[in-house]
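A.B. asks: Show me the folded form of this:
(chains A, B, C and D)
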2 protein chains.
Amino acid sequence: MARRTKEEARETKERLLDAAETIFRERGVTRTSLAEVATAAGMTRGAVYWHFKDKADLFQAMCDRATMPMDAMFERAGDPGQADPLATLRDLSVGALQSLAADARAQRVFEIIFHKTERVDELAGTETSCANARQQCLGQIETIVQRCADTGQLPADTDAALATLGLHALMVGIMHEWVLDPTAYDLHAAAPALIDLYLAGLREHPPRLAQRATPGVCPKTVPA
Amino acid sequence: MARRTKEEARETKERLLDAAETIFRERGVTRTSLAEVATAAGMTRGAVYWHFKDKADLFQAMCDRATMPMDAMFERAGDPGQADPLATLRDLSVGALQSLAADARAQRVFEIIFHKTERVDELAGTETSCANARQQCLGQIETIVQRCADTGQLPADTDAALATLGLHALMVGIMHEWVLDPTAYDLHAAAPALIDLYLAGLREHPPRLAQRATPGVCPKTVPA
DNA sequence: CATAACATACATTCGCGTATGTTTGTAAAC
DNA sequence: GTTTACAAACATACGCGAATGTATGTTATG
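C.D. replies: You can find the predicted model right below:
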């Protein structure tokens, strides 16, 4: 069997990507051979090497296919001078979490990215594109946070960088833990509460610029 | 060369663990061969197989050696009926972050755990011990949060489970991102601000029990 | 008929587990 | 307090399977 039609070839490529999601998730990226991916898709290694350069290329394509909608969200949120930046920030954060909750493919791929792969130089292409997305994400958030401080929705001396780090860390942590067991709780329902909790803290007790040690609730210093 | 003294044998074991930290971090756990670890420690594979059963055993020992102090922290924080549970919670959270900031070995190992390994069934021993630590950590936090709600330091109808999920996610996210570049910011200095920000939000706008959709700042629903 | 879309075959390398060799602390026997 | 014998603490050698990249087949499409 060989030489399928154009449409069939596209289907096999999709099936290979689907198989990669399944097998990478089950066995981890490094431990899975391309033969396993191929047989899981009902093909042989020849098909894989025809559509993709090597495993890194396959992995990259798999990630791109899944993260495309979330990338688009961040693109959309940055361009206009929004009238209500705090609401924009909330919508963006809650939307990202809820879009993960609604997209089974994104859940699989994020589980792979967070728990089933090793960040090494050999996946340099994926690594840099991932770092770019992260930097762009952080930049978007910090821009909006700073706009909140400028428009008075947050205190003027808010440390936008630290506030951004915290929000980003919160979202990364939520995704990181939730994909381990999506049945643990309803992320779609919980996302607003979690984000609003953080944003309320940001209004109530934000990190201030030019402030090293925060007095906080308890003045006792911790051992080490 | 063979048959060193007891003390020398312990030293070589430590050197093997040190080498494992270095090589695992550089090349990822799965991609590193035991030969690489051995040569990096100035030994051969014979030494590795003498001190450890296989790679999983070496990895487990490396993790245990590094996470021991942090495990002890959580043990210490749970036992007594603390008078000020909210302060206990803050001390525990800030202390965990600052202990990471102060311990170079913990930084290396956490970077390996978060970014240089793949959670698969083959590392079952490590996986379950890690899950146990995570469950114990979550349990400790939730117990303290519930105590805060019971003693009136937080609203009585606070959803302790969700509040715990958020705090845990925040800390995981902070560690997850910070170990990627410890020079990005001073974690020891930033930890109190980040934790106090979340705890302030917890007092100001906590998740409530028996409450599905939170009204929040912006009622608009997000696409998908 | 030329080539896209694969399947098959081949050579090479790499890592693992084990088996065996070697040296030397170390503790009991004398 | 030697000496002897045993085993600790490694090094070396072997055989095996598995995965990779490429080279070469095969078939049907455009």
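A.B. asks: would you list every one of the helices in chain A?
C.D. replies: In chain A, the segments counted as helices under DSSP state H are A:6-27, A:34-40, A:45-51, A:55-78, A:85-102, A:104-115, A:124-151, A:160-178, A:187-204.
A.B. asks: quick one: which of the ones you listed is nearest B:Pro206?
C.D. replies: helix A:187-204 (6.6 Å; CB to CB). All C-beta spots, glycine's among them, are computed from the backbone N, C-alpha and C.
A.B. asks: Point out the other helices and strands that the closest one packs with.
C.D. replies: Under the contact definition 3 or more CB pairs under 8 Å, 6 or more residues apart in numbering or on different chains; DSSP states H and E, helix A:187-204 sits against helix A:85-102, helix A:160-178, helix B:160-178, helix B:187-204.
A.B. asks: closest to DNA strand C out of those?
C.D. replies: helix B:160-178 (26.3 Å; CB to the nearest atom of the strand).
A.B. asks: returning to that earlier point: would you tell me which of the helices and strands packed on helix A:187-204 gets closest to DNA strand D?
C.D. replies: Going by CB to the nearest atom of the strand, the one of the helices and strands packed on helix A:187-204 nearest DNA strand D is helix A:160-178, 26.4 Å.
A.B. asks: ok, the closest one near chain B or not?
C.D. replies: Yes: legend: contact between helix A:160-178 and chain B by CB under 8 Å from any CB of the partner chain is shown at A:161-163, A:165-166, A:168-174, A:176-177.
A.B. asks: what's the offset of that helix from the middle of its chain?
C.D. replies: Taking CA atoms, centre = their mean, to the nearest Å, one finds helix A:160-178 lying 11 Å from the centre of the chain it belongs to.
A.B. asks: can you check stretch A:71-78 too?
C.D. replies: On CA atoms, centre = their mean, the centre of stretch A:71-78 falls 13 Å from the chain's centre.
A.B. asks: Send over it as CSV, restricted to the C-alpha atoms.
C.D. replies: C-alpha atoms of stretch A:71-78 as CSV (Å, rounded to 0.1, in the frame of the first residue of the first chain):
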residue,chain,number,x,y,z
ASP,A,71,-1.9,31.5,21.7
ALA,A,72,-4.7,33.2,19.8
MET,A,73,-6.3,34.3,23.0
PHE,A,74,-3.2,36.1,24.2
GLU,A,75,-2.8,37.7,20.8
ARG,A,76,-6.4,39.0,21.0
ALA,A,77,-6.1,40.4,24.5
GLY,A,78,-3.1,42.7,23.9
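A.B. asks: Need the helices and strands packed on helix A:187-204 in a markdown table (columns: distance to DNA strand D).
C.D. replies: Below are these laid out as a markdown table (distance: least, CB to the nearest atom of the strand, whole Å):
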| stretch | distance to DNA strand D |
| --- | --- |
| helix A:85-102 | 29 |
| helix A:160-178 | 26 |
| helix B:160-178 | 27 |
| helix B:187-204 | 36 |
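A.B. asks: Redo those as a markdown table? Include distance to B:Glu11, mean neighbour count and mean pLDDT.
C.D. replies: A markdown table is the format used below for the helices and strands packed on helix A:187-204 (distance: least, CB to CB, whole Å; neighbours: other CB atoms under 10 Å in any protein chain shown; pLDDT from 0 to 100):
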| stretch | distance to B:Glu11 | mean neighbour count | mean pLDDT |
| --- | --- | --- | --- |
| helix A:85-102 | 48 | 21 | 94 |
| helix A:160-178 | 37 | 23 | 97 |
| helix B:160-178 | 30 | 23 | 97 |
| helix B:187-204 | 31 | 22 | 96 |
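A.B. asks: Let's have these in a markdown table, adding distance to A:Arg203.
C.D. replies: Shown next, in a markdown table, are the helices and strands packed on helix A:187-204 (distance: least, CB to CB, whole Å):
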| stretch | distance to A:Arg203 |
| --- | --- |
| helix A:85-102 | 8 |
| helix A:160-178 | 10 |
| helix B:160-178 | 16 |
| helix B:187-204 | 8 |
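A.B. asks: any low-confidence regions in chain A?
C.D. replies: A:1, A:78-81, A:211-224 (pLDDT under 70).
A.B. asks: For it, which residues are neighbours of DNA strand C?
C.D. replies: Proximity of chain A to DNA strand C is confined to A:1-4, A:6, A:8-9, A:12-13, A:38, A:43-47, A:50-51 under the rule CB under 7 Å from any atom of the strand.
A.B. asks: 10 Å instead, please
C.D. replies: A:1-13, A:15-16, A:35, A:38-39, A:41-51 (CB under 10 Å from any atom of the strand).
A.B. asks: filter these down to the ones near DNA strand D?
C.D. replies: Answer for the residues of chain A next to DNA strand C near DNA strand D (CB under 10 Å from any atom of the strand): A:1-9, A:35, A:38, A:44-46, A:48-50.
A.B. asks: Just the buried ones from those residues?
C.D. replies: For these, a burial check counting by 16 or more other CB atoms under 10 Å in any protein chain shown picks out A:Ala38, A:Val48.
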